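# Everything below, folded, please.
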Amino acid sequence: MATCNALYTPRDVQNMRVFNYWFLSAMVFFLVATFAIKRELVVPALGWTLTALSVGLLVMGVRAYIVFIRNADELLRKVQLEALALGFGAGMVFMLGWRLCERLGALKLDVSDPIIVMMLVFAVGQYIGIRRYCVKDDEQ
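Numbering: from 1, shown residues only. The predicted structure is shown next:
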C-alpha cells in the first residue's frame with residue numbers, strides 16, 4: 001500500500017484544500033444555475049448572476065490550483081503534470097471520437113460531458129502517480 005505523506009507537505013495540503021473549496025463552491029453554483037435556468041425558475045438577470053458567480057468561482061479555483069502547483073516541489077509537480085496530461089489527452093480523444101460517433105447516430109452529448117471524462121482520468125492519473133512515486137508502507 002502506498003502512502004503520500006512524503007509527497008504532500010502541510011503547505012501542499014492547505015493549498016489543495018483551498019483549491020477544493022473554490023472548486024466545490026463553483027460546482028454547487030454551476031449545478032444550481034444549470035437547474036434553475038433549464039427549468040426557467042429564475043428571471044434572466046438572476047440567471048446571468050448565477051452564471052457569472054459560477055465562472056468567477058471557477059476562475060478562483062484555477063488560481064488556487066496554480067498557487068498549489070507553484071508552491072509544490074518537483075515530484076508533486078511531476079505527478080500533477082502527468083495526471084493533467086493524461087486527463088487532457090483522454091478528453092481530447094473522447095471529444096474527437098465521440099463527435100464522429102454522433103455523426104454516425106450516437107446520442108449527442110452536452111459540452112460539459114467531456115469534462116467529466118477529463119476530471120475522472122485526471123484523478124486516475126494522480127492515483128497512478130502516487131502509486132509510482134510514493135514510498136510503500138513496508139519500505140518505511
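# give the contact list for A33.
47, 50-51, 53-54 (CB atoms under 8 Å, 6 or more residues apart in numbering). In this view, the C-beta of every residue, glycine as well, is placed from N, C-alpha and C.
# go on, K78?
Here K78 is in contact with 129, 133 (CB under 8 Å, 6+ apart).
# Then F122?
If a contact means CB under 8 Å, 6+ apart, then F122 has 83-84, 86-87 as its contacts.
# Can you tell me the closest non-neighbouring residue to A26?
Spatial nearest neighbour of A26, chain neighbours left out: L57 (3.5 Å); criterion: CB to CB, 6 or more residues apart in numbering.
# ok, now how distant is that neighbour from T51?
11 Å (CB to CB, to the nearest Å).
# more crowded one of these two?
L57 (20 against 15; other CB atoms under 10 Å).
# Give me the pLDDT value at that one.
Per-residue pLDDT puts L57 at 96.
# Mind telling me the two of the contacts of F122 farthest from one another?
With distances taken as CB to CB, the most widely separated pair in the contacts of F122 is L84 and L86, at 7.3 Å.
# May I have stretch 77-97 as PDB, with CA atoms only?
What follows is stretch 77-97, C-alpha atoms only, in PDB (Å, rounded to 0.1, in the frame of the first residue of the first chain):
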ATOM      1  CA  ARG A  77       4.600  18.900  -9.800                       C
ATOM      2  CA  LYS A  78       5.600  15.900 -11.900                       C
ATOM      3  CA  VAL A  79       2.700  13.800 -10.600                       C
ATOM      4  CA  GLN A  80       0.200  16.600 -11.200                       C
ATOM      5  CA  LEU A  81       1.600  17.400 -14.700                       C
ATOM      6  CA  GLU A  82       1.500  13.700 -15.700                       C
ATOM      7  CA  ALA A  83      -2.100  13.500 -14.400                       C
ATOM      8  CA  LEU A  84      -3.100  16.700 -16.200                       C
ATOM      9  CA  ALA A  85      -1.600  15.400 -19.500                       C
ATOM     10  CA  LEU A  86      -3.400  12.100 -19.100                       C
ATOM     11  CA  GLY A  87      -6.700  13.900 -18.400                       C
ATOM     12  CA  PHE A  88      -6.300  16.300 -21.300                       C
ATOM     13  CA  GLY A  89      -5.300  13.600 -23.700                       C
ATOM     14  CA  ALA A  90      -8.200  11.400 -22.700                       C
ATOM     15  CA  GLY A  91     -10.600  14.300 -23.000                       C
ATOM     16  CA  MET A  92      -9.300  15.200 -26.500                       C
ATOM     17  CA  VAL A  93      -9.600  11.600 -27.700                       C
ATOM     18  CA  PHE A  94     -13.100  11.300 -26.200                       C
ATOM     19  CA  MET A  95     -14.300  14.600 -27.700                       C
ATOM     20  CA  LEU A  96     -13.000  13.900 -31.200                       C
ATOM     21  CA  GLY A  97     -14.000  10.200 -31.100                       C
END
